[in-house]
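Peer 1: no FASTA, just this:
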Ligand SMILES: Cc1cc2nc3c(=O)[nH]c(=O)nc-3n(C[C@H](O)[C@H](O)[C@H](O)COP(=O)(O)OP(=O)(O)OC[C@H]3O[C@@H](n4cnc5c(N)ncnc54)[C@H](O)[C@@H]3O)c2cc1C
């Protein structure tokens, strides 16, 4: 009997002495369990992928944005001080808030598999009396023009065909799939009433679009690729994708029951911030589009901003002037992207043709997006990118090709609204990126220490149980 008590006491003493080691073993065990995917998903993501581990390290982007002519610090400062405030105001003016779009979903690649869950997926179209008179052609509201929800107010703009807008011509964009000159089935949407945010569009339907975009139309270039032309399309699309994800995370439906909207730091971290290349591509896309706007400065300055609301139209024009001729922008980042460097080699024209074809395909894929609001913003932003590509690559500085720049009103609306979206995303990443990363890190640490203390308590109870028993 004595020997038995002695043995038990020995065992407990061993347990007490080795407790710190046991603690470490438990911690390692928990970490292993979590990294093998059995723990909370956020923790597993954090530990599992060493490339994505930015634990407590603040993500600072410095130096020149790759393939551009401006550095991160300058982008952040001109965006925060100049572009963001001007663009925020500009997109609320009547001229820039009505976008003409074909919302019908007739996917040329596969049957429509609309997977939208939320009411927020659908677009609130403009009633006929809302959008500006000069945008309309009298008598176009015939009964056969039905909108998405079979309402008669899905009016079509044909006014631009006839009106002598200075600078507003009807022309097709060679980079996009939709025929911009065909007004059938087009409808007007007030963008201010349809913010780009979380819609619940997710799963295989959304994944199929992005997969088709990346795998078939702009595959990721291999590391070490030096041909800038081969990288441009991927970087533009990836930058746009980052911006879309940032808007989803920044305006997320946190609680469906109480309809509570707010930021989702985990989504922001998991989809964007933990991938530095996605953030870098966002900056690239921003500078690319900014360069297009600056290159078209004279055109934009002289164009007619006419919605019939004189005061607001003067405001649009004044804001455009302040933007394209801004002294701070001109001095700190005069050439955000140098398009003249591209298409120089022998294979230049062929490369350009290929990229144009791929971009057109991506644009056609927007008709496959199974959520109306996502389709609206997808189409707008792709038209905006197509307009930037048209400005930078379809016309050269000296009009050597004999093609003076001609833009359609809808292209300008898309271009400036796209720049505004990118500007918002840059602001979020720059001003709140660290806060999101820290908040996710905190959640991870809290979850891990909660798990650890749970195991420690369990272990302590087992140990005291054994100790108690042995003393009986
Ligand atoms: C055109 C379009 C517009 C959309 N608009 C909205 C919207 O307004 N609101 C909404 O809630 N949902 C929208 N969606 C859906 C949304 O983009 C996501 O597809 C959805 O939230 C599911 O996300 P996910 O985590 O599966 O990753 P996804 O964002 O679908 O990404 C799919 C894959 O692409 C790769 N990837 C992700 N980001 C990048 C990047 N920046 N660069 C390179 N590769 C990347 C990754 O491998 C990832 O697994 C839209 C989808 C499309 C196609």
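Peer 2: Sure, I can see it. These numbers come from a predicted model, not from an experiment.
Peer 1: What parts of this structure come near the ligand?
Peer 2: 196, 198-199, 201-202, 206-207, 209-210, 238, 241-242, 244-245, 248, 271, 278, 366, 369, 373-374, 377-378 (C-beta under 6 Å from any ligand atom). Every residue, glycine included, has its C-beta placed from N, CA and C.
Peer 1: Now do residue 101 against residue 283, distance only.
Peer 2: Computed as C-beta to C-beta, to the nearest Å, the residue 101 to residue 283 distance reads 28 Å.
Peer 1: Of these two, which one has the most company?
Peer 2: For residue 101 and residue 283, the more surrounded residue by other C-beta atoms under 10 Å is residue 283, and the numbers stand at 28 against 23.
Peer 1: For residue 245, pull up the helix or strand it's in.
Peer 2: Assigned by DSSP states H and E, residue 245 belongs to helix 228-250.
Peer 1: State the next helix or strand along the chain beyond that helix.
Peer 2: Following helix 228-250 toward the C-terminus (DSSP H and E): strand 252-255.
Peer 1: avg pLDDT for that next one?
Peer 2: For strand 252-255, the mean per-residue pLDDT is 95.
Peer 1: Partner strands of it and their direction?
Peer 2: strand 260-262 (antiparallel) (DSSP bridges).
Peer 1: got the contact list for the strand it pairs with?
Peer 2: By C-beta atoms under 8 Å, 6 or more residues apart in numbering, the surrounding residues in contact with strand 260-262 are 197, 198, 251, 252, 253, 254.
Peer 1: Spit out the contact partners of the second one.
Peer 2: Think residue 198. So residue 198 contacts 120, 248, 249, 251, 252, 253, 261, 264 (C-beta under 8 Å, 6+ apart).
Peer 1: same check, this time on the third one
Peer 2: Applying C-beta under 8 Å, 6+ apart, we find residue 251 in contact with 195, 196, 197, 198, 261, 262, 263.
Peer 1: List buried residues within the residues you listed.
Peer 2: Buried by 16 or more other C-beta atoms under 10 Å: 196, 197, 198, 263, out of the contacts of residue 251.
Peer 1: What is the nearest of the residues you listed to residue 390?
Peer 2: Nearest to residue 390 out of these is residue 196 (C-beta to C-beta; 22.8 Å).
Peer 1: got the contact list for that closest one?
Peer 2: Contacts of residue 196 by C-beta under 8 Å, 6+ apart are 244, 247, 251, 373, 377, 421.
Peer 1: Just give me the least confident of those.
Peer 2: Out of these, that is residue 373, at 90.
Peer 1: Surely that one touches residue 199?
Peer 2: Yes: between residue 373 and residue 199 there is a contact under C-beta atoms under 8 Å: 5.3 Å.
Peer 1: quick one: which of those two has more around it?
Peer 2: With neighbours defined as other C-beta under 10 Å, residue 373 and residue 199 compare such that residue 373 has more, 24 against 21.
Peer 1: any idea how far residue 390 is from the more buried one?
Peer 2: Counting by C-beta to C-beta, the gap from residue 373 to residue 390 is 26 Å.
Peer 1: before we move on, the earlier item: can you tell me which of the buried ones among the contacts of residue 251 are in strands?
Peer 2: Among the buried ones among the contacts of residue 251, no residue falls in strands (DSSP state E).
Peer 1: which among the residues you listed gets closest to residue 425?
Peer 2: residue 196 (10.3 Å).
Peer 1: Over to that closest one: give its phi and psi.
Peer 2: phi -80, psi 120 (degrees, to the nearest 10).
Peer 1: So for it, what's the pLDDT?
Peer 2: Residue 196 is given a pLDDT of 93.
Peer 1: all helices for the stretch 351-472 of the chain, in order.
Peer 2: Counting by DSSP state H, counting those that start in this stretch, the segments of the stretch 351-472 of the chain that form helices are 372-389, 409-471.
Peer 1: Where among the ones you listed is average confidence lowest?
Peer 2: When the helices of the stretch 351-472 of the chain are ranked by mean pLDDT, helix 409-471 comes last with a mean of 79.
Peer 1: which one of the buried ones among the contacts of residue 251 is nearest residue 301?
Peer 2: For those, the nearest to residue 301 is residue 196 (27.6 Å; C-beta to C-beta).
Peer 1: now that closest one: how far from residue 79?
Peer 2: 18 Å.
Peer 1: where does residue 172 land on pLDDT?
Peer 2: pLDDT at residue 172 comes out at 75.
Peer 1: so it makes contact with residue 179?
Peer 2: Yes: contact criterion C-beta under 8 Å: residue 172 and residue 179 qualify, at 5.8 Å.
Peer 1: Return the residues in contact with the nearest residue to residue 83 once chain neighbours are set aside.
Peer 2: Once flanking residues are discounted, residue 83 sits nearest to residue 423: 5.2 Å by C-beta to C-beta, 6 or more residues apart in numbering. For residue 423, the contact set (C-beta under 8 Å, 6+ apart) comprises 79, 83, 84, 87, 286.
Peer 1: got the phi/psi numbers for residue 189?
Peer 2: Here residue 189 shows phi and psi, under degrees, to the nearest 10, equal to phi -130, psi 130.
Peer 1: what's the spacing between the residue nearest to residue 83 and residue 240?
Peer 2: 13 Å.
Peer 1: buried set for stretch 225-239?
Peer 2: Here stretch 225-239 shows 228, 229, 230, 231, 232, 233, 234, 235, 236, 237, 238, 239 as buried, counting by 16+ other C-beta under 10 Å.
Peer 1: With stretch 215-225 instead?
Peer 2: Of all the residues in stretch 215-225, those buried under the rule 16+ other C-beta under 10 Å are 217, 218, 221.
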